[in-house]
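Q: Need coordinates for the below:
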Amino acid sequence: MKLLRRFIHREALLAVGFVTLGFLALFFFFDLIDELRLVGRTGPDGYQLSHALLFVSLSIPSHLYELLPITVLIGTIFVMARLAQSSEFTIMRTSGMGPWQALRTLLALGGLFVLLTFAVGDYIAPLTERAAQLIKVRHLGRLTSGATGAWLKERQQDHSFAVNVRALTPDGGMLDVRIFEFDEKGRPASQTHSATGRFALPGGWELQQVRRSSFLQPDSEKARVDQLQVPTLLWPTRISADMVAASLIKPDRMATFDLFQYIRHLDSNGQSAQRYEIEFWRKVFYPLSCLVMVVLALPFAYLHFRAGGIAGYVFGGVMAGISFFLLNNVFGYAGNLQNWSPWLTAAAPGLIYSLLSLAAFGWLVLRR
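A: Next up is the predicted model:
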């Protein structure tokens, strides 16, 4: 039986590797075409073709993380269907491999892919994504998101602050920093604008070319605005460089622990963390979808194929994988808009496909 398990594992690993390589090559080509529009643009050093190739190469781990459950499904379906078509799986069944033993064999294989997906998504992909973004910052001049950059909020004693950072510079500094201060009654207390800034240690920002407007006694007739212009100003804050970068980088590219830390910061300052909570739970449940995919592929081993019929089933596996990916994204957006429970929003696609997999296994394998 150990020999049969090794044979199935080897065939599935080869098939999944081949499918994954094909998908990554396709994504590499599309990403490179998209990056070519930036080649030649002005920047500190200029964005050249070699930079585009390096950026696209560093994006491969992120694509690998997204694709692994789908390629696991396609590769495993291909192997199980091919074994059924050639009657090899029938021989395995007559040799003593029952349905539950076959299920355990595929679950062990799925566990390996769970660990691989978690490692890529939580350790490799965030590092390569930051390195890829750093390349763009160095050669295109800045890292920004949207029209206004990053917005953060912090509470200090009885005052609250709304902070806007337009962009990050290649050397790790900040551009166009605006800080809005509000008193305990929610009234504007001051407004600070800085052309540039740096993350000073410990616990503060060093702002340059500062213009500060302080609003004094806003409820009285003697209300006035004091203007201050200084070359440098040290502003105490607990907002770190990682938090600013987190606001400029997509949450699905962040590590699980970084997401958890950022969610705690948002909660402690009264900000909505729904989007990041959904993404946090998606990163927790997403690797487990590899187990769902291998279970979904098992019933294909018990089907009877005619010559050439395997292609249609593999195509069905591709459609099932794409539908899972789409459903995962749809639930993420819908949960954010409808304010659903974050963990349930993230787990729902996997639960739905788990029920479908077990239903197919029970009807096709156990009953037939």
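
Q: so who does V39 touch?
A: 47-49, 51-52 (Cβ atoms under 8 Å, 6 or more residues apart in numbering). Heads up, the C-betas are built off the backbone N, CA and C, glycines and all.

Q: please redo it, this time with the cut-off set to 10 Å
A: The contact partners of V39, taken as Cβ atoms under 10 Å, 6 or more residues apart in numbering, are 46-53, 139.

Q: Doesn't G335 belong to a strand?
A: No - for G335, which was evaluated using DSSP: H, G, I helix; E, B strand; the rest coil, the result is helix, with no strand membership.

Q: Chain neighbours aside, what residue packs nearest to F324?
A: Of all residues not flanking F324 in the chain, Y353 sits nearest, at 5.8 Å (Cβ to Cβ, 6 or more residues apart in numbering).

Q: quick one: that neighbour from A347, how far?
A: From Y353 across to A347, the span is 11 Å (Cβ to Cβ, to the nearest Å).

Q: Between those two, tell me which one has more neighbours.
A: The neighbour count for Y353 versus A347, taken as other Cβ atoms under 10 Å, is higher for Y353 (22 against 18).

Q: of the contacts of V39, buried ones?
A: The neighbour-count test (16 or more other Cβ atoms under 10 Å) applied to the contacts of V39 identifies 47, 51-52, 139 as buried.

Q: Strands of the chain, start to end?
A: In the chain, the strands defined using DSSP state E lie at 150-156, 159-168, 174-182, 188-200, 204-216, 224-236.

Q: average model confidence for stretch 132-150?
A: Here stretch 132-150 scores 68 as its mean pLDDT.

Q: quick one, what contacts the closest residue to G332 other than its chain neighbours?
A: Of all residues not flanking G332 in the chain, I278 sits nearest, at 5.6 Å (Cβ to Cβ, 6+ apart). With contacts defined as Cβ under 10 Å, 6+ apart, I278 is in contact with 251, 331-336, 340-346.

Q: that older thread, can you pull the pLDDT of the residue nearest to F324?
A: pLDDT recorded at Y353 is 81.

Q: D158 now?
A: Residue-level confidence at D158 comes out at 81, pLDDT.

Q: That one: how many residues sit nearby?
A: D158 sits with 9 neighbouring residues when counted by other Cβ under 10 Å.

Q: OK, contacts around it?
A: 182-185.

Q: of these, buried ones?
A: Those of those that meet the buried threshold are F182, by 16+ other Cβ under 10 Å.

Q: What is the nearest of the contacts of D158 to F23?
A: F182 (49.1 Å; Cβ to Cβ).

Q: ok, what's across the strand from the closest one?
A: S160, P188 (DSSP bridges).

Q: Tell me where the stretch 251-368 of the chain has helices.
A: In the stretch 251-368 of the chain, the segments counted as helices under DSSP state H, counting those that start in this stretch are 256-268, 274-285, 289-297, 310-338, 342-360.

Q: Mind checking those helices for the one nearest to S160?
A: Checking these against S160 by Cβ to Cβ gives helix 256-268 as the closest, at 11.6 Å.

Q: State the mean pLDDT of the closest one.
A: Rounded to a whole number, the mean pLDDT of helix 256-268 is 76.

Q: in that helix, what counts as buried?
A: Buried residues in helix 256-268, defined by neighbour count with 16+ other Cβ under 10 Å: 256, 258-259, 261-263, 265-266.

Q: From the contact counts, what lies against that helix?
A: Using 3 or more Cβ pairs under 10 Å, 6 or more residues apart in numbering; DSSP states H and E as the contact criterion, the secondary-structure elements in contact with helix 256-268 are helix 125-140, strand 150-156, helix 241-248, helix 274-285.

Q: Return the angle between stretch directions for that helix and helix 125-140.
A: Comparing the axes of helix 256-268 and helix 125-140 via axes from the mean of the first three to the mean of the last three Cα atoms, to 10 degrees yields an angle of 80 degrees.

Q: can you state the direction angle for helix 256-268 and helix 274-285?
A: Going by the same axes, to 10 degrees, helix 256-268 makes 150 degrees with helix 274-285.

Q: Report the contact partners of G186.
A: The contact partners of G186, by Cβ under 10 Å, 6+ apart, come to S160.

Q: Ok, which of the strands of the chain comes nearest L127?
A: Closest among those, using Cβ to Cβ: strand 159-168, at 17.2 Å.

Q: Could you name the helices and strands sitting against the lengthiest helix in the chain?
A: In the chain, with assignment by DSSP state H, the single longest helix is helix 2-35. Applying 3+ Cβ pairs under 10 Å, 6+ apart, one finds that helix 2-35 contacts helix 49-58, helix 60-85, helix 88-94, helix 99-119, helix 289-297, helix 310-338.

Q: Could you list the single helix or strand in the protein with the lowest mean pLDDT?
A: Every helix and strand in the chain was compared by mean pLDDT, DSSP states H and E; the lowest is helix 241-248, with a mean of 71.

Q: any idea how far L83 is from A347?
A: Look at L83 and A347: by Cβ to Cβ, they are 32 Å apart.

Q: brain fart, F182
A: 38 Å.

Q: Give me the below-cutoff pLDDT ranges for the stretch 1-150 of the chain.
A: Residues of the stretch 1-150 of the chain that meet the criterion pLDDT under 70 lie in 41-45, 140-147.

Q: Please name the nearest non-neighbouring residue to L38.
A: Ranked by Cβ to Cβ, 6+ apart and with sequence neighbours excluded, the top spatial neighbour of L38 is Y47, at 5.3 Å.
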